[in-house]
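K.L.:
prediction below, plus the sequence it came from.
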Amino acid sequence: MSLRLLSFLNDIEQALLAGISAQSGGGNDGTWEISRMANYDSHLARMTLTPRQGDATRQAGSIFLQAFELADGVACLKASLHWKNHDRLTMLTVHAKKASDWQQQAASIARTWFSGPPPALVERSVASAPAVAPLVALAS
């Protein structure tokens, strides 16, 4: 499962860039700096999104991924979305199944990123269905 970390992070980045392209009418117009890192020993990866100086329309922040195995042996990724200057975050889980559509799940995470920070801590599960439904909502 650790090998899926960086490739899924890349899927999320491509979905984000596609969303940026749709919003700006072109590709990554250079207003974003995106950096990635992975630690396979710890099963962790991170992508940092920083708008270039002078662009106040975009949120800075990061997306953390953690790979782990559930008690029943199903591999799982947890994505934590953090926005700069906000104390709230969103956590999403992606369960590896034979019929998993990784690009669709990455696109769902990108849409969640573009929707901005939630009003409260929210944990969601990214299912095969296009809609993402909250599982648990906790006050922070």
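P.N.:
Nice, I can see it.
K.L.:
drop to CA atoms for contacts and neighbour counts, all remaining ones
P.N.:
OK.
K.L.:
which non-adjacent residue is nearest the residue nearest the centre of the chain?
P.N.:
Residue closest to the mean C-alpha point of the chain, counted by Cα atoms, centre = their mean, is residue 109 at 4.4 Å. Using Cα to Cα, 6 or more residues apart in numbering and skipping the chain neighbours, the partner closest in space to residue 109 is residue 12 (6.9 Å).
K.L.:
before we move on, back to that, got phi/psi on the residue nearest to the centre of the chain?
P.N.:
Residue 109 has phi and psi values of phi -70, psi -40 when expressed as degrees, to the nearest 10.
K.L.:
again with the one 4 residues further on
P.N.:
Dihedral angles of residue 113 (phi, psi; degrees, to the nearest 10) stand at phi -60, psi -50.
K.L.:
before we move on, what about residue 112?
P.N.:
Torsion angles, degrees, to the nearest 10, at residue 112: phi -60, psi -40.
K.L.:
is the residue nearest to the centre of the chain in contact with residue 13, as I believe?
P.N.:
No: using Cα atoms under 8 Å as the test, residue 109 is too far from residue 13 to be in contact (9.9 Å).
K.L.:
joint contacts of the two?
P.N.:
By Cα atoms under 8 Å, 6 or more residues apart in numbering, residue 109 and residue 13 have no common neighbours.
K.L.:
need the longest helix for the protein.
P.N.:
For the chain, the helix that runs over the most residues, judged by DSSP state H, is helix 4-24.
K.L.:
and the contacts of it?
P.N.:
Contacts for helix 4-24 (Cα under 8 Å, 6+ apart): 26-29, 36-38, 43-47, 65-67, 102-103, 106-107, 109-111.
K.L.:
quick one: buried residues of that helix?
P.N.:
Neighbour-count burial for helix 4-24 flags 5-6, 8-20 (criterion: 16 or more other Cα atoms under 10 Å).
K.L.:
after that helix comes which helix or strand?
P.N.:
Using DSSP states H and E, the helix or strand that follows helix 4-24 in sequence is strand 32-39.
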